[in-house]
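Peer 1: show me the folded form of this:
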Amino acid sequence: MFQTLKNAFKVKEIRNGLLFTFFVLIIVRLGSLIPAPGIDTAKIGGALAGSLGETASEMLDAFTGGSISRMTIFALSVTPYITSSIIMQLLTIAIPALEEMQKDGDEGRKKITAITRIVSIVLAITESLGLTIGFGRSGLLKEYNAFSVTVIVITLTAGSALVMWLGERISERGVGNGISIILLINIISRIPSDMKSLWEMFVSGKNVVQMTFAIVIIVGVILITTILTVVLNDAERRIPVTYAQKVAGRQRMTGGHATHIPLKVNTGNVMPIIFASTLMSIPSIIINLFGIKVTSTVGNRILEGLNSNYWFRSGYPWAYIGLAIYILLVIFFAYFYTSISFNPLEISQNLKKGGGFIPGIRPGKPTQDYLNSILNYIVIIGAFGLMLVALIPIFFNGRFGANVSFGGTSLIIIVGVIIETIKQIESKMVVRNYSGFLNQ
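Peer 2: Presented below is the predicted three-dimensional model:
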């Protein structure tokens, strides 16, 4: 990776793209330090956890780089755009008009991108309005009236729109996917404070043996989780495909080459975890936003079971029911997301039209059935790998109180974005070298 970056800085075009990306990220982080007007930022962190629930607030805090817990002008960051993109992906499957638009090439994708922007703005307005009203009812606004609410909503919405625009500029003039790069830098910005918390909790004030043991455990867990994430991100099952030779023109033979279909083990990437975590946090969000008081023991235990902070914690055996629900949701969404991103029927039809076939498998329906069986096998492996990466930090949080925002979800995003960005830089270097060869 470092050698790739070193070589990339030797190329003027890529170097300028990297410097532009770095400059934009500085702007994003500076905006994450400017507080929004009219909010008592000193009390906002605890109130946010109370309004959204600890699980949701921790995830949002990681995705926004701590901006939402400080309620800065970039408090919403790229979260409305990410939510909008997920919604559009799901609607593309459900609405035929959007599906046709997606198949129209660049023009169709431009239209979908424009719709995604509009949905992002609507979501930003809705989220900022809900947060502002919730803070106003909790007495966290300096003045709770229509004017102050309007100013805060406009500020937060404009901040989210600006971050979205900056992300698109990175995609156009910088390196990598702009929204993903901003999400990456937000998550990384939280790592120093998380490491400080771990140091103060498990290392500081201990004797030499305890300090050494704690440091080895912390470093070991981080390394093991990172290695598992890299393996999970790159793992794929390659299905061999052979194309039959055809006669074209004057006895000229075409085809006859072999290739493969790459089936990623973790097709859904981090989406199953995000979907599952969001669903698990919805009851707490509704209860806190509407001020519903849960007085029954059963109700409190249900809420504790849905909160990942209680999983693996001694004295809360009922929380394991929530853990089981979480595991089932991750498996379900892993299958669901794979089904909307990979279509065995379409693949088998394209192979048949192109004269391709899987060795030992007949074209058509048998090929579709074979791909489905392989897909079902690797999706369950990917789902369990995803759960393992996600549950390692949750386990140490429940057992030892190592409560940090830098969890399995964040690590999967970090590894995925870094790998994809490095691949994009390498492809640009290959294209440049190829173009230079043609010019010579």
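Peer 1: so Ile121 makes contact with Leu162?
Peer 2: No: taking C-beta atoms under 8 Å as the contact criterion, Ile121 and Leu162 are not neighbours in contact, 11.5 Å apart. Every C-beta, even on glycine, is put in place using the N, C-alpha and C of the backbone.
Peer 1: helices of the stretch 101-250 of the chain, residue ranges please.
Peer 2: Remark: helices of the stretch 101-250 of the chain, listed N- to C-terminal, are 106-137, 146-173, 178-189, 191-198, 208-234; assignment by DSSP state H, counting those that start in this stretch.
Peer 1: and the shortest one, what's buried?
Peer 2: What that stands for is helix 191-198. Along helix 191-198, the positions that meet the burial threshold by neighbour count (16 or more other C-beta atoms under 10 Å) are Ile191, Asp194, Leu198.
Peer 1: sorry, back to before: the helices of the stretch 101-250 of the chain: which one's closest to Asn372?
Peer 2: Closest of those to Asn372 is helix 208-234, at 22.0 Å (criterion: C-beta to C-beta).
Peer 1: that closest one: how far from the chain's middle?
Peer 2: Taking C-alpha atoms, centre = their mean, to the nearest Å, one finds helix 208-234 lying 22 Å from the centre of the chain it belongs to.
Peer 1: what packs against it?
Peer 2: Contact analysis of helix 208-234 by 3 or more C-beta pairs under 8 Å, 6 or more residues apart in numbering; DSSP states H and E lists helix 365-400, helix 408-439 as its packing neighbours.
Peer 1: turn the buried residues of helix 191-198 into JSON lines, including distance to Ser296 and pLDDT.
Peer 2: Converted to JSON lines, the buried residues of helix 191-198 look like this (distance: C-beta to C-beta, whole Å; pLDDT from 0 to 100):
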{"residue": "Ile191", "distance to Ser296": "40", "pLDDT": "82"}
{"residue": "Asp194", "distance to Ser296": "35", "pLDDT": "78"}
{"residue": "Leu198", "distance to Ser296": "36", "pLDDT": "80"}
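Peer 1: redo those residues as CSV? Include distance to Arg301.
Peer 2: Below are the buried residues of helix 191-198 laid out as CSV (distance: C-beta to C-beta, whole Å):
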residue, distance to Arg301
Ile191, 34
Asp194, 29
Leu198, 30
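Peer 1: can you pull out the low-pLDDT segments for this structure?
Peer 2: Flagging of the chain using pLDDT under 70 yields the residue ranges 1-5, 42-58, 244-257, 285, 288-291, 401-408, 431-440.
Peer 1: switch the cut-off to 90
Peer 2: Applying pLDDT under 90 to the chain flags residues 1-19, 21, 31-116, 123, 126-149, 152, 168, 170-440.
Peer 1: ok, Ile218 - how many residues close by?
Peer 2: 18 (other C-beta atoms under 10 Å).
Peer 1: how much space between it and Leu386?
Peer 2: In this view, Ile218 and Leu386 are 23 Å apart by C-beta to C-beta, to the nearest Å.
Peer 1: isn't Val119 right up against Ser84?
Peer 2: Yes: counting by C-beta under 8 Å, Val119 touches Ser84, with 4.1 Å between them.
Peer 1: same drill for these two, tell me which one is more crowded.
Peer 2: Legend: neighbour count by other C-beta under 10 Å for Val119 and Ser84, higher for Ser84 (22 against 18).
Peer 1: contacting residues for that one?
Peer 2: Counting by C-beta atoms under 8 Å, 6 or more residues apart in numbering, Ser84 touches Thr116, Arg117, Val119, Ser120, Leu123.
Peer 1: what's the closest of those residues to Asn350?
Peer 2: When those are ranked by distance to Asn350 (C-beta to C-beta), Thr116 comes first, at 27.3 Å.
Peer 1: Ile261 should be in a strand, yeah?
Peer 2: Yes: counting by DSSP: H, G, I helix; E, B strand; the rest coil, Ile261 is located in a strand.
Peer 1: what number of residues are in the vicinity of it?
Peer 2: Each residue near Ile261 was counted by other C-beta under 10 Å, and the total is 18.
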